[in-house]
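In: Below is the sequence, then the predicted model.
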Protein chains: 2
Amino acid sequence: MLETLDLGLKLSKSDYKAAIDRAGIELGLLQRALREAGIPVTLVFEGWAGAGKGDAIATLVETLDPRGFRVFAPRRPSEEEALRPALWRFWHRLPARGAISIFDRSWYHDPTIARLEGDLDRRAWGRAVDEATAFERELVDDGMVIVKFWLHVSRKEQRRRLAAREAAPGFEGRARDDGGLRRKHRKTLALVEEMLSISSHRQAPWVLVAAEDDRVRRLKVASETIAAMKRALSARGIAHPTPLTPEKLEGWKPPRPHADTLEKTPALPRRSPLARVDLSRTLSRERYSKALRTAQDELRELEFLSFERRIPLVVVFEGWDAAGKGGAIKRLTEHLDPRGYAVVPIAKPEGDAAARHYLWRFWEGLPKAGHFGIFDRSWYGRVLVERVEGFCTEAEWRRAYGEINAFEKTLRESGCAIVKLWLHVDPDEQLRRFREREASPVKSYKIGDEDWRNRAKWPQYLRAVSEMLQRTSTAHAPWTIVPANDKLHARVTVVKTVARVLGRRLGR
Amino acid sequence: MLETLDLGLKLSKSDYKAAIDRAGIELGLLQRALREAGIPVTLVFEGWAGAGKGDAIATLVETLDPRGFRVFAPRRPSEEEALRPALWRFWHRLPARGAISIFDRSWYHDPTIARLEGDLDRRAWGRAVDEATAFERELVDDGMVIVKFWLHVSRKEQRRRLAAREAAPGFEGRARDDGGLRRKHRKTLALVEEMLSISSHRQAPWVLVAAEDDRVRRLKVASETIAAMKRALSARGIAHPTPLTPEKLEGWKPPRPHADTLEKTPALPRRSPLARVDLSRTLSRERYSKALRTAQDELRELEFLSFERRIPLVVVFEGWDAAGKGGAIKRLTEHLDPRGYAVVPIAKPEGDAAARHYLWRFWEGLPKAGHFGIFDRSWYGRVLVERVEGFCTEAEWRRAYGEINAFEKTLRESGCAIVKLWLHVDPDEQLRRFREREASPVKSYKIGDEDWRNRAKWPQYLRAVSEMLQRTSTAHAPWTIVPANDKLHARVTVVKTVARVLGRRLGR
């Protein structure tokens, strides 16, 4: 079964580039369509050690909105996990409707290793695999999309890659000795093939991937993910989103532009830290590409170092509507190891969070040591939207400054690096972006009545933001105001700032 | 400070009995009043090793509704916990509004031990204590009631108790070597007194408890808890609930009784397992008390054994409205070590749970090995209320039988003992209890329009229950139908059944 895969497949660089770019655009559109339809997606990556699971995941997620997925790399079960049934830790990490969970190793890994090492007999192993497939069936019945990838390389190629990994410094070494599946014996292949065959069912089939060639592997993963997402939409009678062609554009008519809700440019409050921002700074596309990549590469190195040294990082993104938070987060994360960070999107609290202190859900969402937690909006909602909209009392938001400073001090003292970014645009630039969104068939979904309502409150927000910046810019966790009228300049500033703060924390 | 406590205080048995009974009734009423007002309560138990923290907690919770509190005994931080700031594991366990969290050891323990052992210097220790008190202040500002108990015994008494514990078999041994605070050196007392004094603030003062005499200790804990709960109600302008006196009763008028919503006794579906239930069985009050206590004592022994052998237990309570689930759960838990079980009340899913597969929250709520998870309603809601009320599709509830059987099989195979109880009453008995609730000033809060609406659907529920019992009574997880027309008989049956199943699982 595996041995019949054509491992010699190749793709030319130009063919690959065209295909992967097209796939990336489609994945982004499909992710949004599935989110809107409330369809959860689980992607499982299994395969031989060294077959390129990490690379396949990293390439795939580059094209996704990082606010909509989480990557998990379950290794040895923790104490808490070991005290529960084996599937507990996987149930725990399942995506909510509309979200994506990606597993670098899954419920199939431990039973396979245990069987090979003689810790599970044939019957117990078969039961574990049956349990796993029953688990998948239930999830699919409930509306989840599951795609399982098995990445295959030859025995010889595996040996070559593992040797290279042993010799390599940095990130690759991270997986050095983490119990991956090695093709030492003939019986290993037989067992894996049996596992693949009994756990391949209609609802969640295995996709066998010829993984020796990087391009072939990456493209196969992207195209199979796309196909599965499309099948899920078709099954619900939802049309596939497709990239816009000139013909389609011809028929599109923008809705009537919304009247501006802001009468005049509001004056800055006295001593506002925003007064010192120079919004005129720009960056050429050419310098942007180079500077961004340099900063991203540096951050990736720091990510590895922080993992090794168990230093956590918290990044807070706040800013005006349309200031470019989403795009900046995308650039911040796109070349990171996706197993090392999580983007936490913050909306109105619900359920458990709504029944507790407002800081509770942020404590829950803290990254563990060695990981990055990136908050898309944050605890500052207390002194921004909750203050302005009256969702909390004045006493509550006034008290929050001290509470937030204490919270961040606690984080800092526990060893965490903290970066807080305010993405700043002026009202004219916001209006320009709102109008651009209204007029664009690709972006019009990003603008609605609520944005216009918020814009009308610019003066109130300006007061709240200024006071927030003054009161919570502390020595242990200062704010960085990012001039964001120019998106390119802002993105580079964001990545550089995070790298600078983390670098300093790591003594570099 | 501590040495001025009068450790020689005594209470006569009869004085104690009268006072603790009165306190118990008050605590029950206050718990309900605080739940209704949405006030969360955190009780912290600290003190010398052997001072009786476990006993104080056990006595206190005997009078509480077990569906409204959780007891936590944090010991050494787990791996996941050690990778976050020290307060993370406590934030995680904070009560929701209206609920109670009880900590046997808190955020004060580790810094104190670390300081004594020289692992924290004076400054770092002071910072940890400051952080802890700031944490409490925030919670109190947000509406939480916090009471912190410090249980004090003399050095001599501690030596005596620890020696006795070393020699004792069973439960007491559980705490044998768990890093408690021993009065070895003079400086220990000085450090503790300093900690108590700098962390005693108006919002959450320490209550120093003379803990040598069991009765004095237990009563002090109960009365201080009562006082704090009353203060919280007063601060919100809510009248204290008080036990009903004949004078108060005189003024009380029951509301007009609701018309019965069930026209005639519905016929049992063919082959319903409910046909074989003998509802005529009763138990005298005298035999009840003896039989209940015997069964409870046996279960407590089994609880210890299951803790030692890391066997988890899941108990599922389902039954008709007013069948006596709450009272049965109360008797099941009242003499258990409260650190060993959790009661999980199941209502309509919200937030994270509502955004996922219906089984997700039950996986999340599974007890860890060696603990009891007691579900007050359960995953069977899928084939009961969700079926009857149309909250899920027919395909969904039909599929659920198999999913539930598979879920329980997984539990069973992971080593868990499972008890599933259907508390059965007939429609006449339910009507009698509904009427009794309506007519009682103490119980009228327990009956409302929804109960009458459910009663009208008795025939539909009867069909659903019968089918559930047939389809999900498996060899690995059979149902026990508990005849519950007689409450006393039902309670004894419940405790005995749980003890029997767990005993068998433990090979006794």
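Out: It's in.
In: mind listing what A:Leu151 touches?
Out: Contacts for A:Leu151 (C-beta atoms under 8 Å, 6 or more residues apart in numbering or on different chains) come out as A:45-48, A:51-53, A:56, A:209, A:211, A:217. The C-beta positions use only the backbone N, C-alpha and C, and glycine is treated the same way.
In: What's the nearest residue in the stretch 401-508 of chain A when you look at chain B?
Out: Here the residue of the stretch 401-508 of chain A nearest chain B is A:Ser414; by C-beta to the nearest C-beta that distance is 3.7 Å.
In: Check whether the nearest residue to that residue once chain neighbours are set aside sits in a helix, strand or coil.
Out: Counting by C-beta to C-beta, 6 or more residues apart in numbering or on different chains, A:Ser414 lies nearest to B:Pro85, which is 3.7 Å off, once chain neighbours are set aside. Here B:Pro85 is coil, with the state taken from DSSP: H, G, I helix; E, B strand; the rest coil.
In: Relative to A:Lys368, how far out is B:Pro85?
Out: Using C-beta to C-beta, to the nearest Å, B:Pro85 is found at 10 Å from A:Lys368.
In: Ok, A:Arg310 next?
Out: Distance of A:Arg310 to A:Lys368, given as C-beta to C-beta: 9 Å.
In: These two: who's more crowded?
Out: For A:Arg310 and A:Lys368, the more surrounded residue by other C-beta atoms under 10 Å in any protein chain shown is A:Lys368, and the numbers stand at 16 against 13.
In: do you know how far the closest residue to chain B within the stretch 151-300 of chain A is from A:Lys148?
Out: Closest approach between the stretch 151-300 of chain A and chain B, counting by C-beta to the nearest C-beta: A:Gln203, at 12.6 Å. For A:Gln203, the distance to A:Lys148 (C-beta to C-beta) stands at 11 Å.
In: Between these two, which has more neighbouring residues?
Out: For A:Gln203 versus A:Lys148, the count of surrounding residues by other C-beta under 10 Å is larger for A:Lys148: 22 against 14.
In: of all of the stretch 251-400 of chain A, which residue lies closest to chain B?
Out: A:Gly351 (1.9 Å).
In: Now that residue. Nearest residue, chain neighbours left out?
Out: Using C-beta to C-beta, 6+ apart, the nearest residue to A:Gly351 is B:Gly351, at 1.9 Å.
In: Tally up the residues packed near that neighbour, please.
Out: Counted with other C-beta under 10 Å, residues neighbouring B:Gly351 total 17.
In: Please report phi then psi for it.
Out: The phi and psi values for B:Gly351, taken as degrees, to the nearest 10, are phi 50, psi -130.
In: and A:Glu224, what helix or strand is that in?
Out: Element membership of A:Glu224 [criterion: DSSP states H and E] is helix A:214-235.
In: quick one: contacts of that helix?
Out: For helix A:214-235, the external contacting residues (C-beta under 8 Å, 6+ apart) are A:9-11, A:13, A:16, A:19-20, A:23-24, A:26-27, A:30-31, A:33-34, A:37, A:39, A:41, A:43, A:52, A:55-56, A:59-60, A:63, A:145, A:147, A:149, A:151, A:207, A:209-211, A:239-240.
In: Tell me which of these fall in strands.
Out: A:41, A:43, A:145, A:147, A:149, A:151, A:207, A:209-210 (DSSP state E).
In: Can I get the helix holding A:Glu224 in CSV, CA atoms only?
Out: Extracted in CSV, the C-alpha atoms of helix A:214-235 (Å, rounded to 0.1, in the frame of the first residue of the first chain):
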residue,chain,number,x,y,z
ASP,A,214,9.0,19.0,-0.6
ARG,A,215,6.9,20.6,-3.3
VAL,A,216,4.9,17.4,-4.0
ARG,A,217,4.2,16.9,-0.3
ARG,A,218,3.2,20.5,0.3
LEU,A,219,0.9,20.7,-2.7
LYS,A,220,-0.7,17.4,-1.9
VAL,A,221,-1.6,18.5,1.6
ALA,A,222,-3.0,21.8,0.4
SER,A,223,-5.1,20.3,-2.4
GLU,A,224,-6.5,17.5,-0.3
THR,A,225,-7.5,19.9,2.4
ILE,A,226,-9.2,22.1,-0.2
ALA,A,227,-11.0,19.1,-1.6
ALA,A,228,-12.3,18.1,1.8
MET,A,229,-13.4,21.6,2.7
LYS,A,230,-15.3,21.8,-0.6
ARG,A,231,-17.0,18.5,-0.1
ALA,A,232,-18.2,19.7,3.3
LEU,A,233,-19.7,22.9,1.8
SER,A,234,-21.3,20.9,-1.1
ALA,A,235,-22.8,18.5,1.4
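In: Report the distance from that helix to the chain centre.
Out: With C-alpha atoms, centre = their mean, to the nearest Å as the basis, helix A:214-235 stands 18 Å off its chain's centre.
In: Check stretch A:394-401 too.
Out: The answer for stretch A:394-401 is 32 Å, by C-alpha atoms, centre = their mean.
In: Going by neighbour count, list what's buried in it.
Out: A:396-397, A:399-401 (16 or more other C-beta atoms under 10 Å in any protein chain shown).
In: Show residues contacting that stretch.
Out: A:358, A:379, A:382-383, A:386-387, A:392, A:468, A:471-472, B:141.
In: Spell out which residues of the stretch 301-450 of chain A are next to chain B.
Out: Contact residues (C-beta under 8 Å from any C-beta of the partner chain) of the stretch 301-450 of chain A with chain B: A:310, A:312, A:350-360, A:363-364, A:366, A:368-370, A:399, A:403, A:406, A:410-411, A:413-414, A:416.
In: cutoff 6 Å now
Out: Residues of the stretch 301-450 of chain A lying close to chain B (C-beta under 6 Å from any C-beta of the partner chain) are A:350-352, A:355-357, A:363, A:366, A:368-369, A:399, A:403, A:406, A:410, A:414.
In: Could you pull up the residues touching the residue most central in space within chain A?
Out: Nearest to the mean C-alpha position of chain A, by C-alpha atoms, centre = their mean, lies A:Pro66 at 2.8 Å. By C-beta atoms under 6 Å, 6 or more residues apart in numbering or on different chains, A:Pro66 lies in contact with A:329, A:333, A:343.
In: Check the second one and give its pLDDT.
Out: Read it as A:Thr333. For A:Thr333, the pLDDT comes out at 96.
In: ok, the nearest residue to it once chain neighbours are set aside to A:Lys443 distance?
Out: Nearest residue to A:Thr333 in three dimensions, chain neighbours excluded: A:Pro66, at 4.7 Å (C-beta to C-beta, 6+ apart). As defined by C-beta to C-beta, A:Pro66 lies at a distance of 19 Å from A:Lys443.
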